[in-house]
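Undergrad: predicted model follows, preceded by the sequence.
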Amino acid sequence: MRTLKWILILLVILIFVWLLYTKLQERYYEPVQPGGKYKNTSRILKDLRYLYNGKYKVKSVESWSADGYSDPLMFEKEMKVLGNLVKNKDNEVLTIELTDLVKPKSHEDVRDKEIVTREAVHILHFLTKRELEVHVKAVQVHYTHQYGFLAVPKTTSIIIPLEEFINKYDEYQKQGDSADIRFVKLCLEFINYSK
């Protein structure tokens, strides 16, 4: 009985130390600085979790070959967006999955299509300030909206080629638009890329 008591106390102490360690890791985490280089998708996942801490849950970040991947959520529209990227087996698409942390407050005035576009533009702006792997040519974002415990979640996705995003960003920057106006223009530019 006495041994069991000490084991339980030790277990509680270990859990406390582990929780403290993870909280300290989160607090003092340093994302890759602008101009830095990503070497793998796990680092991108950590950076996006840091960026979205408390807002969305970033479930996964994966890269796949643009020519040989058949995404069940991808339709003809996305395949047109990818265009010539699918012809080269070396080209890769970075897929990011986001979901709500908890059942969100009703945002009936904002459609899932607008949310996924807004977050994709945020993510692309964040990632293009850093150096991605050479073969990543497009970013796909899946957003799963949690409607409640018993409701079936709905997934909306968007795919945006990196080169096209960078060109539009530079074009709006040359026009002298402020950061906020540039962001709105980019969202309006790419909203039709989502489904």
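TA: Looks like it arrived, so ask away.
Undergrad: do a quick rundown of the helices in this protein.
TA: For the chain, the helices defined by DSSP state H occupy 2-27, 41-51, 76-82, 112-128, 162-174, 179-190.
Undergrad: out of those, deepest packed?
TA: Among these, helix 112-128 has the highest mean neighbour count (mean count of other C-beta atoms under 10 Å), at a mean of 20. (Glycine included, C-beta is placed from N, CA and C.)
Undergrad: now do it: distance to the chain's middle.
TA: 8 Å (C-alpha atoms, centre = their mean, to the nearest Å).
Undergrad: worst-scoring helix or strand of the protein, pLDDT-wise?
TA: helix 76-82 (a mean of 64; mean pLDDT, DSSP states H and E).
Undergrad: where among the helices of the chain is average confidence lowest?
TA: Across the helices of the chain, helix 76-82 has the smallest mean pLDDT, namely a mean of 64.
Undergrad: returning to that earlier point: show me the one of the helices of the chain that comes nearest residue 135.
TA: Comparing the helices of the chain against residue 135 with C-beta to C-beta, the closest turns out to be helix 162-174 (10.8 Å).
Undergrad: tabulate the helices of the chain (a markdown table), appending distance to residue 142.
TA: Listed next are those as a markdown table, based on distance: least, C-beta to C-beta, whole Å:
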| stretch | distance to residue 142 |
| --- | --- |
| helix 2-27 | 24 |
| helix 41-51 | 13 |
| helix 76-82 | 11 |
| helix 112-128 | 8 |
| helix 162-174 | 17 |
| helix 179-190 | 15 |
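Undergrad: who wins for proximity to residue 134 among those?
TA: helix 162-174 (11.3 Å).
Undergrad: give me the contact list for the closest one.
TA: With C-beta atoms under 8 Å, 6 or more residues apart in numbering as the test, helix 162-174 has contacts from 121, 124-125, 128, 132, 136-139, 181-182, 185-186, 189-190.
Undergrad: if we use 6 Å, what do you get?
TA: 124, 128, 137, 182, 185, 189 (C-beta atoms under 6 Å, 6 or more residues apart in numbering).
Undergrad: which of these sits closest to residue 153?
TA: For the contacts of helix 162-174, the nearest to residue 153 is residue 124 (23.9 Å; C-beta to C-beta).
Undergrad: so what's the closest one closest to, chain neighbours aside?
TA: residue 165 (5.0 Å; C-beta to C-beta, 6 or more residues apart in numbering).
Undergrad: please determine how far the one you found is located from residue 138.
TA: 9 Å (C-beta to C-beta, to the nearest Å).
Undergrad: for residue 141, give its distance to residue 187.
TA: Taking C-beta to C-beta, one finds residue 141 at 13 Å from residue 187.
Undergrad: same check, this time on residue 181
TA: In terms of C-beta to C-beta, residue 181 sits 11 Å off from residue 187.
Undergrad: ok, residue 123 next?
TA: Noted for residue 123: a distance of 12 Å to residue 187, by C-beta to C-beta.
Undergrad: and what of residue 90?
TA: From residue 90 across to residue 187, the span is 30 Å (C-beta to C-beta).
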